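Colleague: generate coordinates for the sequence data below:
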Amino acid sequence: MSNTASERAAMPKGTSSVLDSRSLQNSYATLIPLLREGMRVLDVGCGTGAISAGIAEMVGPTGAVVGIDSSPHLIAKGKDDHAHIPQLMLLEADLFTYAPAQPFDLVVSARVLQWLSNPRAALEKFASLLHPGGWISILDYNHTLLEWTPQPPASMQRFYQAFLDWRADAGMDNEIADHLPALFEQLGCHNITTLNADEVYEKGRPDFVDKAGIWSKVAELRGPQVAASGFITDAERLQALSEYNDWLQSSGERMIMKLKEVRATI
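Modeller: Numbering: from 1, shown residues only. Just a heads-up that it's a prediction; the model follows:
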């Protein structure tokens with residue numbers, strides 16, 4: 001049974017479809033105005049590089065983007081997917097031992113600090129990799145504020161609470177988005193800015209079932225870990241998965257995931 005945050009955060013095989021559906025435009029749009037031609041950017045926890053690729057296009061051939069991730073299967077897929085972008089390099093690496101030859105103008109990390117038990121240490125490492133005056137941009141959730149309309153089946157509500165409890169048990173911060181400004185202040189950062197980036201999915205959108213169905217994917221792919229750790233039974237997990245899928249197709253109207261970008265300079 002995995003008990004540490006790093007063990008529980010490891011991306012199971014089969015999750016790349018969730019990451020591949022993301023792009024800079026649809027999943028990190030608030031970052032776009034900060035990007036400039038020629039910037040050198042580090043994307044921490046880049047997954048398959050779907051967002052990194054969009055950043056690389058924005059900084060252009062005179063810029064450079066390095067994406068690092070600790071999951072070898074995600075990096076391997078990303079290298080195949082984005083081999084046509086010469087200014088993008090994807091590396092299997094651990095953040096805390098990563099030692100680039102040159103500093104960066106910008107370090108970004110999307111939906112990653114939520115999986116860490118030591119987010120302040122991560123921010124300190126980010127700062128150490130930047131030029132003076134460089135930017136850190138973090139995009140992340142407050143999972144405790146998730147909104148469904150109407151409420152999903154009780155089985156999914158139980159599973160979701162078990163998922164949050166499983167995360168908290170490993171030291172992960174379910175409210176990381178709202179704690180980031182204080183962490184930046186503690187590090188002595190400047191120009192701390194918070195931008196709303198809530199993910200709002202409503203019935204009638206062609207991607208409603210896919211996007212609101214993220215919790216079906218979590219129950220399917222992460223749920224076995226939650227059950228193995230004793231936070232819910234596997235029968236309850238499977239019931240949540242089945243009944244939530246029915247809710248998506250029938251009475252589900254809206255889901256809002258509370259997401260913020262918080263940025264600062266060092």
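
Colleague: ok, and what's touching the helix or strand containing Asn191?
Modeller: According to DSSP states H and E, Asn191 maps onto strand 190-196. Defining contact as Cβ atoms under 8 Å, 6 or more residues apart in numbering, one finds that strand 190-196 is touched by 30, 180-181, 184-185, 259-266. In short, each C-beta sits where N, CA and C put it, glycine included.

Colleague: parallel or antiparallel, which strands does it pair with?
Modeller: When pairing is defined by DSSP bridges, strand 190-196 lines up against strand 259-265 (antiparallel).

Colleague: all helices for the stretch 51-200 of the chain, in order.
Modeller: Shown for the stretch 51-200 of the chain, the helices assigned by DSSP state H, counting those that start in this stretch span residues 72-81, 119-128, 154-169, 176-186.

Colleague: dump those helices to a markdown table, plus mean neighbour count and distance to Trp247.
Modeller: Formatted as a markdown table, these follow (neighbours: other Cβ atoms under 10 Å; distance: least, Cβ to Cβ, whole Å):
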| stretch | mean neighbour count | distance to Trp247 |
| --- | --- | --- |
| helix 72-81 | 17 | 30 |
| helix 119-128 | 18 | 33 |
| helix 154-169 | 18 | 7 |
| helix 176-186 | 19 | 26 |
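
Colleague: pLDDT-wise, which helix or strand of the chain ranks last?
Modeller: Ranked by mean pLDDT, DSSP states H and E, the helix or strand of the chain with the weakest confidence is helix 5-9, at a mean of 65.

Colleague: roughly how far does Val107 sit from Leu34?
Modeller: Shown here: Val107 relative to Leu34, a distance of 12 Å by Cβ to Cβ, to the nearest Å.

Colleague: residues that sit against both of the two, list them.
Modeller: Jointly contacting Val107 and Leu34 under the rule Cβ under 8 Å, 6+ apart are 135, 137.

Colleague: quick one on the thing from earlier: using CSV, list the CA coordinates for the strand holding Asn191.
Modeller: Extracted in CSV, the C-alpha atoms of strand 190-196 (Å, rounded to 0.1, in the frame of the first residue of the first chain):
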residue,chain,number,x,y,z
HIS,A,190,6.8,40.3,-5.1
ASN,A,191,3.9,41.2,-7.4
ILE,A,192,1.8,38.4,-6.0
THR,A,193,-1.3,38.2,-8.2
THR,A,194,-4.3,35.8,-8.1
LEU,A,195,-6.4,35.2,-11.3
ASN,A,196,-9.6,33.2,-11.3
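
Colleague: contacting residues around the residue nearest the centre of the chain?
Modeller: In the chain, the C-alpha nearest the mean C-alpha coordinate belongs to Arg111, at 1.8 Å (Cα atoms, centre = their mean). When contacts are counted by Cβ under 8 Å, 6+ apart, Arg111 is found next to 45, 139-141.

Colleague: how far does the strand holding Asn191 sit from the chain's center?
Modeller: Counting by Cα atoms, centre = their mean, to the nearest Å, strand 190-196 is centred 18 Å from the centre of its parent chain.

Colleague: same thing with stretch 217-237?
Modeller: On Cα atoms, centre = their mean, the centre of stretch 217-237 falls 20 Å from that of its chain.

Colleague: return the set of buried residues in that stretch.
Modeller: For stretch 217-237, the neighbour count (16 or more other Cβ atoms under 10 Å) marks 217-223, 225-227, 229, 231-232, 236-237 as buried.

Colleague: rewinding a little: out of the helices of the stretch 51-200 of the chain, nearest to Leu241?
Modeller: Leu241 lies closest to helix 154-169 among the helices of the stretch 51-200 of the chain, at 7.9 Å (Cβ to Cβ).
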